[in-house]
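Participant: fold the following.
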Amino acid sequence: MKKNPFKIHSLLLVTAAFVLIGWIVYLLQALPNSYRATHWNVAWVGYDIAMTATLLTTSWALWKQRQVAIPGAMVSATFLLIDSWFDVITSNPGWDQKVATASAVFVELPAAYLLFRFSRLTVRKSIENAHKKAGKEVVSASLWKTPLMIFNNEE
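Facilitator: Okay, here's the model as predicted:
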């Protein structure tokens, strides 16, 4: 039986998470409430270009019924969540904040939900189909309980 090479990756991710927790504590104390940034427009336009690219890629993958639609939908949903967060948090009080909040509540968050839901349901269905094709009983299609079946444990 082969060793699981992902254990080291898991440990690295846990280490990164703990480092980030320390960084967050530092930032909470060190960052000012407001800050004037240069290239603000480039940051927002660049982010929106990247988000558009993920949405178009996901759209293409869905149209062509390709597996890349699953991670594409996850990435697109994540972009939408982050965009709604920063739009609302960084908008000026008043009309700007109302528009950002409405956009988040009525467009971005529902779209992100649908994309995450699609990803979850599609992965579950893929698990069920793979089990059935292999002639194995589907014990659970739960993403929390189903192991990564990328290693052939029968070797």
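
Participant: what's the separation between V75 and T54?
Facilitator: Counting by CB to CB, to the nearest Å, the gap from V75 to T54 is 5 Å. In this view, the C-beta of every residue, glycine as well, is placed from N, C-alpha and C.

Participant: quick one: low-confidence ranges for the protein?
Facilitator: Applying pLDDT under 70 to the chain flags residues 1-2, 149-155.

Participant: domain boundaries for it, per the record?
Facilitator: The chain breaks down into these domains under automatic domain parsing: 1-31, 39-133.

Participant: contact partners for the spatially most central residue of the chain?
Facilitator: Closest residue to the average C-alpha location of the chain: T78 at 3.7 Å, with CA atoms, centre = their mean. Residues near T78 by CB atoms under 8 Å, 6 or more residues apart in numbering: A112.

Participant: what helix or strand does it sit in?
Facilitator: Here T78, judged by DSSP states H and E, is contained in helix 69-90.

Participant: tell me which element the closest residue to V88 other than its chain neighbours is part of?
Facilitator: Counting by CB to CB, 6 or more residues apart in numbering, V88 lies nearest to A100, which is 4.8 Å off, once chain neighbours are set aside. Using DSSP H and E, A100 sits within helix 95-103.

Participant: repeat that for N4.
Facilitator: Using DSSP H and E, N4 falls within no helix or strand.
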